[in-house]
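Enquirer: Build me a model from this:
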Amino acid sequence: MDDLVGRRIDRRVADAQLQRESWRIFQIMAEFVEGFEKLCLIRPSVSMFGSARMSADNPWYDKAEQIARRLSDAGFSVVSGGGGGIMEAANKGAQAGRSPSIGVNIELPREQKPNPYQDISLHFRHFFARKVMFVKYASAYVVLPGGFGTLDELAEILTLVQTGKTRRIPIVLVGHSFWSGLLDWMRATLVSWGTIDAADLDLMIVCDEPEDIVKAIFDHYETRSLEPSEAEQEILLEL
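Expert: Numbering: from 1, shown residues only. The predicted structure is shown next:
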């Protein structure tokens, strides 16, 4: 008898949890709808990533600001995570240029506080919805030094491009001094163990100077359009 009561109580708890999860679907839908509505007109755009923990007196902050300013003046909207550090520098540089500065903010217990340099601000509770916004409208990724979050975004775009789930775009790593160790490990371990192909490393470009980053992006599109082709648009619909 006690077991039967326990199972009934468990069922009531499960039903309550299911009802709560079902309502979350509408919250998730709202995040996607708002993101699509606000970002569909910002093309071409570049998504920039890097540590939230680098203060304004850090050399990487200054470099991120310079890169974003050059991209903005070249006609690219700049999308960052909307927080501090490198994200703030990216939005600040973009806002000083002639193209929109966009912040794709996330609610976190610590560290994430929206920076004041956003022309367009989005706010997410779900990382996966936010990730889609970084990828869906991006013509390039520019990845500066960062921690787990930055590595997560880098791995995400590499996986999507490698598996054909999104179109091929420039993925620019900023700073040989920061990224060379990781790339050496990928070459020595991942390639040698056969978990990736050697050609997969060609998905990434490493640059140090802001002008080289802008040039690398334009070089990529020299023989193709910044706008997704009809076939690429179909792929992006399935993202």
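
Enquirer: what residue is smack in the middle of this structure?
Expert: Geometric centre of the chain, nearest residue: residue 134, 4.0 Å, by C-alpha atoms, centre = their mean.

Enquirer: shouldn't it be in contact with residue 82?
Expert: No - judged on C-beta atoms under 8 Å, residue 134 makes no contact with residue 82 at a distance of 11.1 Å. Backbone N, C-alpha and C define where each C-beta goes, glycine included.

Enquirer: elements contacting the worst-scoring helix or strand of the chain on mean pLDDT?
Expert: Here the helix or strand of the chain ranked lowest by mean pLDDT, DSSP states H and E is helix 2-39, holding a mean of 76. When contacts are defined as 3 or more C-beta pairs under 8 Å, 6 or more residues apart in numbering; DSSP states H and E, helix 2-39 packs onto strand 120-124, helix 127-136.

Enquirer: Report the contact partners of the residue nearest to residue 166 when sequence neighbours are not counted.
Expert: Leaving aside its sequence neighbours, residue 166 sits nearest to residue 160 (C-beta to C-beta, 6 or more residues apart in numbering; 4.2 Å). Residues in contact with residue 160 (C-beta atoms under 8 Å, 6 or more residues apart in numbering) are 135, 166, 239.

Enquirer: and residue 160, that's in a strand?
Expert: No - using DSSP: H, G, I helix; E, B strand; the rest coil, the assignment for residue 160 is helix, not a strand.

Enquirer: So for it, what's the pLDDT?
Expert: On the pLDDT scale, residue 160 is placed at 96.

Enquirer: before we move on, back to that, can you convert the helices and strands packed on helix 2-39 into JSON lines and add a column each for mean pLDDT and distance to residue 99?
Expert: As requested, the helices and strands packed on helix 2-39 are arranged in JSON lines below (pLDDT from 0 to 100; distance: least, C-beta to C-beta, whole Å):
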{"stretch": "strand 120-124", "mean pLDDT": "93", "distance to residue 99": "11"}
{"stretch": "helix 127-136", "mean pLDDT": "92", "distance to residue 99": "17"}
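
Enquirer: Dump those to CSV, plus distance to residue 182.
Expert: Listed next are those as CSV, based on distance: least, C-beta to C-beta, whole Å:
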stretch, distance to residue 182
strand 120-124, 27
helix 127-136, 20
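
Enquirer: So for residue 211, which of those sits nearest?
Expert: Proximity to residue 211 (C-beta to C-beta) singles out helix 127-136 among these, at 24.1 Å.

Enquirer: Would you indicate which residues of stretch 143-153 are buried?
Expert: The neighbour-count check on stretch 143-153 (16 or more other C-beta atoms under 10 Å) flags 143, 144, 145, 146, 149, 150, 153 as buried.

Enquirer: for it, what is the average pLDDT?
Expert: pLDDT averaged over stretch 143-153 gives 97.

Enquirer: which outside residues touch that stretch?
Expert: For stretch 143-153, contacts defined as C-beta under 8 Å, 6+ apart pick out 47-54, 60, 63-64, 67, 81, 86, 131, 134, 141, 154, 171-175, 178-179.

Enquirer: Now, of these, which are buried?
Expert: Among these, those buried by neighbour count (16+ other C-beta under 10 Å) are 47-52, 54, 60, 63-64, 67, 81, 86, 131, 134, 141, 154, 171-175, 178-179.

Enquirer: mind listing the strands in the protein by residue range?
Expert: Using DSSP state E, the strands of the chain run over residues 45-49, 77-80, 101-106, 120-124, 138-143, 171-174, 204-207.

Enquirer: Good, wrapping up.
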